[in-house]
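In: Predicted model and sequence below, questions to follow.
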Amino acid sequence: MIPQDLVDFVAEEGAEHERMESWIVSEVERGVKLPGLYPMNDEAKARYAASKKK
Amino acid sequence: MSAALYDTLRAITTATITTMLLKKGIRRCWMNGPKPLVADGRRLVGPAFTLRFVPVREDLATPESWSKPISTRGAIEEMPEGCIAVADAMGIGSAGIFGDILTMRNDEAQRDRARHRRRRSRQSGSGRLELPTWCAGAAAPASVNGLTLSAGRSRSAAAAARSFPAMSSSATTTARW
């Protein structure tokens, strides 16, 4: 259940969270280890940010 | 809520939704217990129409109460198109909250509204109900056998549900407890 006043927050942040986790899944699929990836360290964040610009 | 917002929410897993709400300090937002009657993997989003049942009250819970203004029948007719009925039956599993005829009326009412709006009919199959349902199980006795509807109202809240996997079902469409 999502309270009405949090629906927009969940939609915006949730959509980004899904994009981020989809990218993490793609990284795991190509053999990247979890430490530093999930959650992301600065290096992983930079690679994720770069991936969004492609 | 807009159709675009629904589409956005429909693409977000319930696991993610619980994490987003945790960021806002909400830890208990997921309904622990209801399972899909038919696991087809569909994820549903809609405004919640909440119903609360209380146990016993044999003085009120009688077949005659079905004709009273506050009744499961009345609640079905009040439900707006596209809502998800979220029912709290306080864990009582010895009586069902909605039977076949009420769920059929709910299903048909939704289809009537959709037909009216879209000017086309939907395939109703062989008469079997296709209402997605998450619940604790089925019970033969009617609600008045062990429950009394105490309140039902349309709320401005969103409910999201999917029928798999473990961190999934967070709301019911119609349910029998």
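Out: Nice, thanks for sending it over.
In: in chain B, which ranges drop under the pLDDT threshold?
Out: B:106-130, B:151-177 (pLDDT under 70).
In: Now with 90, please.
Out: Scanning chain B for pLDDT under 90 picks out B:1-3, B:6, B:10, B:28-44, B:46-177.
In: mind listing the helices in it by residue range?
Out: In chain B, the segments counted as helices under DSSP state H are B:3-10, B:14-23, B:72-78, B:100-118.
In: among those helices, which is the most enclosed?
Out: helix B:14-23 (a mean of 19; mean count of other C-beta atoms under 10 Å in any protein chain shown). For the C-beta atoms, the positions are set from N, CA and C on the backbone; glycine is no exception.
In: so can I have a markdown table of the helices of chain B showing distance to chain A?
Out: Below are these laid out as a markdown table (distance: least, C-beta to the nearest C-beta, whole Å):
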| stretch | distance to chain A |
| --- | --- |
| helix B:3-10 | 5 |
| helix B:14-23 | 5 |
| helix B:72-78 | 18 |
| helix B:100-118 | 20 |
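In: can I get the ones you listed in CSV with distance to residue A:22?
Out: Listed next are the helices of chain B as CSV, based on distance: least, C-beta to C-beta, whole Å:
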stretch, distance to residue A:22
helix B:3-10, 15
helix B:14-23, 11
helix B:72-78, 39
helix B:100-118, 32
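In: nearest to residue B:149, of those helices?
Out: helix B:72-78 (5.6 Å; C-beta to C-beta).
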